[in-house]
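1. Next comes the sequence, and after it the predicted model I'd like to discuss.
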Amino acid sequence: MIRLEKRPQPSQAWSLATPLVAVLATMIAGGLLFAALGKPPIEAIRTIFWEPLFGEFSFYYRPQLLIKGAPLVLIAIGLSLGFKAGIWNIGAEGQYIMGALTGAGVGLAFYPIEGWYVFPLMILAGAFGGWLWAMIPAILKTRFGTNEILVSLMLVYVAEQLLASMSLGLLKNPEGYGFPGSRNLQQYESAHNAELIANSGLHLGVVAAFIAVIFAYVLLNRHMLGFHIRLTGEAPRAARFAGVNPTRLILFCLGTSGALAGLAGLFEVSGPAGQVSIDFNVGYGFTAIIVAFLGRLHPVGILLAGGLMALTYIGGDIAQSNLGLPSSAIQVFQGMLLFFLLAFDLLTNFRIRLGAPETA
Amino acid sequence: MDLSAINPVLLIASLMVAATPILLAAIGELVVEKAGVLNLGVEGMMIIGAIAGFATAVETGSPLVGFVAAAFAGAALSLLFVVLTQIALANQVASGLALTLFGLGLSALLGQSYVGIRPPEMGQLYLPLLSDLPIVGPILFSHDIILYFGIALTAAVWAMLKFTRVGLILRAVGENHDAAHALGYKVVRIRILAILFGGACAGLGGAYISLIRVPQWTEGMTAGVGWIALALVVFASWKPWRALLGAYLFGGLTVVQLNLQAAGVAIPVEYLAMSPYIITIVVLVILSADKSSAPAALGRIFHASR
Amino acid sequence: MTDPLLSLSGVTKAYPGVIANDQVSLTIQPGEVHALLGENGAGKSTLVKMIYGLVKPDSGEMKLNGAAFAPAEPRQARADGIAMVFQHFSLFDALNVAENIALGMENPPKMRDLARRIRDVSQTYGLPLDPSRRVGDLSAGERQRVEIIRCLLQDPKLLIMDEPTSVLTPQEVGILFETLRKLRSEGTSILYISHKLEEIRSLCDAATILRLGKNVGSCIPSDTSARDMAEMMVGSALKTPARSTRSFGDSALEVQNLTVSAPSEFGTTLRDISLTLRQGEILGIGGVAGNGQDELLSVLSGELSTSPASVQLNGHSIGHLGPNQRRGLGLLSAPEERLGHAAAPDMSLTENAMLTGAVREKLAQGGFLKWGAARGFAARIIEAFDVRTPGTENAARALSGGNLQKFVIGREVLQNPKVLVVNQPTWGVDAAAAAAIRQSLLDLAAEGAAILCISQDLDELMEISDIFAALNEGRLSPPRETTGLTVEEIGLMMGGAHGMEVAHV
């Protein structure tokens, strides 16, 4: 009989090892899945994890890694602050859309005026849009005690409808021959989030993601607010006792994660995506949840996890075109990763013992 | 705009159809939460039920077999939640999210070859005389059997919780798992059974969407119904009959909204389509003042220590 | 001599890192009240859990009526006539009395019949109880009655009672003892777990004493002095805290007509509380658990805010201030629950030192944390209060109850409070640590600090406090000087026998 025994204190070693073990287990289980789909498992895994980094066309894929990883990291950093405090914003997808809408909206409002001030204003507007969208669950939670999980999620569907409405209506390109979607911001210089170094994938969003990582690291490890966030997650009553104002903490965590998700949306819409369109959002807001957990809610971990998740996206695309692996298989693959992570996390806090159970 | 195209009798009948998936999933989740477990994976279990039911019905030609398969598929997915939360003692919120993300992906993978197919039709109840009655007939006596099953399930869960020993034990486990354990009840076993029941119900609800309500398979077709079902449990203050009432309200809302779209009301389609979600939020806000009926151990991890 | 009802010999149970029971033997005769005596952590709970089937012994044998007895689960133990009244954790607040009782029975009758039987039994044994009331609304004494009646309905041969009097007023203790004596006269054996020696001397026929998991002796309580039993239990001569005569200064803390509605559903509303506490004075507040102790602490610590003037520190209105502002002014506190309220279980001692020490010990500057200074502060607490732990980076939950409590109290005492509020400072703590904590409070008062000590341990309050008041259903009795107070007077201040207006046996 196997039984669990709580460790006197969490194991540091396992805390670091679980993500790696989870990735390995996912590779094995994913390989089995691919085999079941009639694809060569080892070849598929190699395509996903090796090809983008070191394959023949890696010069093309490596920049993609930054482009896909940046929004994931940016959003996940914000989410991790709330998750640490037991505040569950799962509507980052909606905040991402709103950031893109408000940011792009401001940019398009200036069209065709060129000016240095346009893009900074768009950045502010993008962050503000995401922040505002996250403030809805935050204020409802603090004023009425409404569950933020459900509200933030419902708002994703609302945001998706707003996105559709905007790309068909208000923000539709007047010169677009009636096709849905806004003007392409890549062709509007002042509003274009261009690459800082050509073909490197390095745009302002990537820079913002790195800054967010550093900011979160300092906040959590060196600042009273970060200490209060951790304390609230570990022991809410002790946090009250330590003088934490829960209302302010909820507003801060949800607001920050919303603003970061909004920023991610703005950088995406003004850069890689280029325009507001019905299918603008591709689920970064949800995948970022996996990234946050895979990175153990630690800023540096999130950076690595964001890179890994970006890898599976790109590798998945390659596997799709080379091996005909369905795109949903990658989604399953990412889901598995979260499963294994949560399951193996047990080992951080518990020891597994073999022996007779103490209770029948 | 032509509101006269809306037939009130058909409206009520289709309201009941629209409500059934929400009701099934909500009743299942209600039992799970009464046992003290918060499973946020309802959406994932529903969509898995939707594709499993659809695929099985298409392959066997029998919608009923499809529903049975859907229940099994939902329960099977919830088994993953069991492993995570009851055995590996993982955080229930994170595990529920994992279940939903995984379910959405897996259903898309399984459903690739079923896009665009029509499922076999489910027979409708026909009672001579009763079903032919004007107004009452189409509303009450001309539905598929699963719809009646949903109502019967509500009654059964209500009676189980209120009158039976099993119900009492279930409530006790959800109220204070340490005390239940001290009295010798198998907390984990009871919770596992509740979670599996919830999974089966969500699976049925999902299959109802793909086999009867739509009926077709498209990726991500549950479109948040699972989340609405979760909200409904809060709305219902963990009481089965109120869940039924709530499901009919939401069902009504969906149907009215669709009818208005069809009738070409001057409100843009997108705003009509977002209304169920907004109203869910409004209802949650109104009801969140009263938390007293929530099971006290909801979402807390149980580990039998010394 | 009759055959024993239950006999244990050589029972051993080990947990990783600790042997909870080492070769324990025990014999209970039919119709005997048998005391199981020992400090916290002596292994009493583990032993009774084995008898009740919650835990399986590693070795040794148990016999019930001469036949081998190894209950695999509580259900089986109950079927064999063993019933247990728990100290904590076994009632369901949201369910009513009858439902709670039904859950503890093997084959409960229909609810209506059960309600009638509950009324019958509660009348017979002088424990009035309404079967349809919600348990969450009952007082601590009434909740205990639910547990006792749950047991009595099964006609037990052996009734196990785990620290039953810790939640009762002296009057209620008297009533309970009458019930237990009546049960004994009917032939029921009782295994009575306690560390309160006078109780055991007045009630029990035999006693087994445990220390660190081992049998260290047995005695006939009525023939043995409390002091001798205590020394067997503790293993060394007891040290009573030294109390110097103190002079009191000006008023330090003043509470005026404080009324606060209950912060949670099953909380207590504080009603019209007034008190004055002078420098150098220790005010002891007694009362049965659940009569507003937690709420009073929250109001004083700043976790619950009130109108500014209802709490005053050195003449300044502070009712509206948060915990850290109050700390800045010199009002510190230590809540009852160590794990999760006074300390964060999974955080290190350094982080827990930061938890309340940031303001007064200047562990933060401009919002940025000085971890080095926090580590130094934690080390000072560990040093000064003899906290047994490998180091400052250990998680709080890894410490034993007594050591963590020393850390929690030490953390506040070392910050030189002007006023210190503590709730249950020695709850669940071994005698040596408890004595050290009490001494530190006395020393702090001698230096001129005002101390408000909330406790359910009357002996403790009599030992350290200068004045005494009792909380009863959210009201505070008028304070009285401790010297010269009798047990009866204290009991009446605590509300006498709660809900016992109905005549009993």
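-> Nice, I can see it. Numbering: from 1, shown residues only, chains lettered A, B, ... in the order given.
2. C:P345: what's its closest spatial neighbour, skipping adjacent residues?
-> C:R397 (3.8 Å; Cβ to Cβ, 6 or more residues apart in numbering or on different chains). Backbone N, C-alpha and C define where each C-beta goes, glycine included.
3. Surely that neighbour and C:D346 touch.
-> Yes - the pair C:R397 / C:D346 is scored as a contact, 6.4 Å apart, by Cβ atoms under 8 Å.
4. Need the overlap of contacts for these two.
-> With contacts defined as Cβ atoms under 8 Å, 6 or more residues apart in numbering or on different chains, the residues adjacent to both C:R397 and C:D346 are A:Q9.
5. Taking the stretch 351-500 of chain C, what residue is nearest to chain B?
-> C:R397 (11.5 Å; Cβ to the nearest Cβ).
6. centroid residue for chain A?
-> A:A288 (2.4 Å; Cα atoms, centre = their mean).
7. what about that one, which SS state?
-> helix (DSSP: H, G, I helix; E, B strand; the rest coil).
8. Who are the contact partners of it?
-> A:71-72, A:75-76, A:79, A:92, A:261.
9. Now do it, the pLDDT please.
-> Listed pLDDT for A:A288 reads 93.
10. Could you report the separation of it from A:R230?
-> Applying Cβ to Cβ, to the nearest Å, the value for A:A288 to A:R230 is 20 Å.
11. who's in contact with stretch C:307-320?
-> C:250-258, C:299-300, C:302, C:305-306, C:325-326, C:329-331, C:418-419.
12. could you give the mean pLDDT of it?
-> 92.
13. In that stretch, which residues are buried?
-> C:310-314, C:317-319 (16 or more other Cβ atoms under 10 Å in any protein chain shown).
14. For the stretch 101-250 of chain A, list the residues in contact with chain B, please.
-> A:136, A:140, A:144-147, A:149-151, A:153-155, A:157-158, A:161-162, A:164-165, A:168-169 (Cβ under 8 Å from any Cβ of the partner chain).
15. any low-confidence regions in chain B?
-> B:1-6, B:125-132, B:134, B:136-139, B:141-142, B:289-292, B:304-306 (pLDDT under 70).
16. Buried subset of the residues of the stretch 101-250 of chain A next to chain B, written for ChimeraX?
-> Restricted to buried positions by 16+ other Cβ under 10 Å, the ChimeraX selection for these reads:
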select /A:136,140,146,147,149,150,151,153,154,155,157,158,161,162,164,165,168
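17. quick one: which of the residues of the stretch 101-250 of chain A next to chain B sit in helices?
-> Residues of these located in helices (DSSP state H): A:136, A:140, A:144, A:149-151, A:153-155, A:157-158, A:161-162, A:164-165, A:168.
18. buried set for stretch B:257-274?
-> B:257, B:259-260, B:265, B:269-270, B:272-274.
19. Tabulate the residues you listed (TSV), appending secondary structure and distance to B:T100.
-> Formatted as TSV, those follow (DSSP: H, G, I helix; E, B strand; the rest coil; distance: Cβ to Cβ, whole Å):
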residue	secondary structure	distance to B:T100
B:Q257	helix	24
B:N259	helix	30
B:L260	helix	30
B:V265	coil	33
B:V269	helix	26
B:E270	helix	24
B:L272	helix	25
B:A273	helix	21
B:M274	helix	20
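20. Could you give the number of residues near the nearest residue to B:K34 once chain neighbours are set aside?
-> Distance criterion Cβ to Cβ, 6+ apart; nearest residue to B:K34, sequence neighbours excluded, is B:G174 at 4.9 Å. For B:G174, the neighbour count with other Cβ atoms under 10 Å in any protein chain shown is 29.
21. ditto for the one 5 residues further on
-> Other residues near B:A179 come to 23 when the count uses other Cβ under 10 Å.
22. A helix includes it, no?
-> Yes - the assignment for B:A179 (three-state DSSP) places it in a helix.
23. got the contact list for it?
-> With Cβ under 8 Å, 6+ apart, B:A179 has these contacts: B:172, C:89-92.
24. Out of these, list just those in helices.
-> B:A172.
25. May I see the contacts of B:A179 organised as JSON lines, with distance to C:A431 added?
-> What follows is those, written out as JSON lines (distance: Cβ to Cβ, whole Å):
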{"residue": "B:A172", "distance to C:A431": "37"}
{"residue": "C:F89", "distance to C:A431": "24"}
{"residue": "C:S90", "distance to C:A431": "27"}
{"residue": "C:L91", "distance to C:A431": "29"}
{"residue": "C:F92", "distance to C:A431": "34"}
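26. In ChimeraX, select just the buried ones from the contacts of B:A179.
-> ChimeraX command restricting these to the buried ones, with burial defined by 16+ other Cβ under 10 Å:
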select /B:172 /C:90,91,92
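27. For the contacts of B:A179, point out the one with the lowest pLDDT.
-> Lowest confidence among those: C:F89, with 57.
28. Confirm for me that C:D22 is in contact with C:Y15.
-> No - counting by Cβ under 8 Å, C:D22 stays clear of C:Y15, with 11.8 Å between them.
29. Least confident secondary structure element in the chain?
-> I went with chain A, as the question did not name one. Lowest by mean pLDDT, DSSP states H and E among the helices and strands of chain A is strand A:2-6, with a mean of 73.
30. not quite, I wanted chain C
-> helix C:226-234 (a mean of 79).
31. by contact count, what packs against it?
-> strand C:33-37, helix C:197-203, strand C:206-211, strand C:214-219, helix C:431-446 (3 or more Cβ pairs under 8 Å, 6 or more residues apart in numbering or on different chains; DSSP states H and E).
32. average pLDDT for the shortest one?
-> Read it as strand C:33-37. 90.
33. helices and strands around that strand, which ones?
-> Taking 3+ Cβ pairs under 8 Å, 6+ apart as the contact cut, strand C:33-37 packs with strand C:18-28, helix C:44-51, strand C:189-194, helix C:197-203, strand C:206-211, helix C:226-234.
34. at 6 Å what do you get?
-> Secondary-structure packing of strand C:33-37 (3 or more Cβ pairs under 6 Å, 6 or more residues apart in numbering or on different chains; DSSP states H and E): strand C:189-194, strand C:206-211.
35. Could you tell me the angle between the last one and strand C:18-28?
-> For the pair strand C:206-211 and strand C:18-28, the angle between their directions (axes from the mean of the first three to the mean of the last three Cα atoms, to 10 degrees) equals 170 degrees.
36. With the first one instead?
-> Using the same axes, to 10 degrees, the inter-axis angle of strand C:189-194 relative to strand C:18-28 is 140 degrees.
37. I'd like to know how far the residue of chain C found nearest chain B sits from C:D93.
-> In chain C, the residue that lies nearest chain B is C:P74 (3.3 Å; Cβ to the nearest Cβ). Computed as Cβ to Cβ, the C:P74 to C:D93 distance reads 21 Å.
38. The two: who's more crowded?
-> Neighbours were counted for C:P74 and for C:D93 using other Cβ under 10 Å; C:P74 has more, 23 against 17.
39. I'd like to check which residues are in contact with that one.
-> The neighbours of C:P74, taking Cβ atoms under 6 Å, 6 or more residues apart in numbering or on different chains as the test, are B:184, C:52-54.
40. ok, 8 Å please
-> Contacts of C:P74 by Cβ under 8 Å, 6+ apart are B:182-184, C:52-54, C:84.
41. Which residue is the nearest non-sequential neighbour of it?
-> Per Cβ to Cβ, 6+ apart, closest to C:P74 is B:G184, 3.3 Å.
42. next one: phi and psi at that neighbour?
-> Note on B:G184: its backbone torsions stand at phi 100, psi 10 [degrees, to the nearest 10].
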